[in-house]
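*Asks:* Predicted model, plus sequence, below.
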Amino acid sequence: IAVASGAKAIGLYGPTSPYITGPYMADPEKVKVLCRDAGCKIPCYDTECREPRCMSAITPEEVLEEILKLMTNDKIQITK
């Protein structure tokens, strides 16, 4: 919804793939996608996962850094 409305957004992707689930056609100046390779099969869609390494690999500091970049209009890109 944020991307469709043109708002700034950060997507955190763990067990899903941003290439499958979006954001599609997002303005790279307004949208940041964070996902990390944790050695798991992506997408896995394991709703019973007991060790979510994919999400733990994205740190709060990393998210805060991207928030600050969006707030200052730095150019951003999808990273993996």
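*Replies:* Looks like it came in fine. Numbers count the residues shown, from 1 in each chain.

*Asks:* Tell me where this protein has helices.
*Replies:* Using DSSP state H, the helices of the chain run over 2-5, 18-21, 53-56, 60-71.

*Asks:* how about the second one: buried residues?
*Replies:* So that's helix 18-21. Using 16 or more other Cβ atoms under 10 Å as the burial criterion, the residues of helix 18-21 that qualify are residue 18. (Each C-beta comes from the backbone N, C-alpha and C, glycine too.)

*Asks:* I'd like to know how far residue 64 sits from residue 23.
*Replies:* Noted for residue 64: a distance of 20 Å to residue 23, by Cβ to Cβ, to the nearest Å.

*Asks:* Oh, that last question was meant for residue 43, not what I typed.
*Replies:* In terms of Cβ to Cβ, residue 43 sits 15 Å off from residue 23.

*Asks:* ok, now residue 62?
*Replies:* Counting by Cβ to Cβ, the separation of residue 62 from residue 23 is 18 Å.

*Asks:* who's the closest residue to residue 66 other than its chain neighbours bridged to?
*Replies:* Nearest residue to residue 66 in three dimensions, chain neighbours excluded: residue 32, at 4.7 Å (Cβ to Cβ, 6 or more residues apart in numbering). Counting by DSSP bridges, residue 32 is bridged to residue 10.

*Asks:* Any stretches of this structure with poor pLDDT?
*Replies:* The chain contains residues with pLDDT under 70 at 73-80.

*Asks:* buried ones in stretch 24-43?
*Replies:* Those would be 26, 30-36, 38, 40, 42-43, for stretch 24-43 by 16+ other Cβ under 10 Å.
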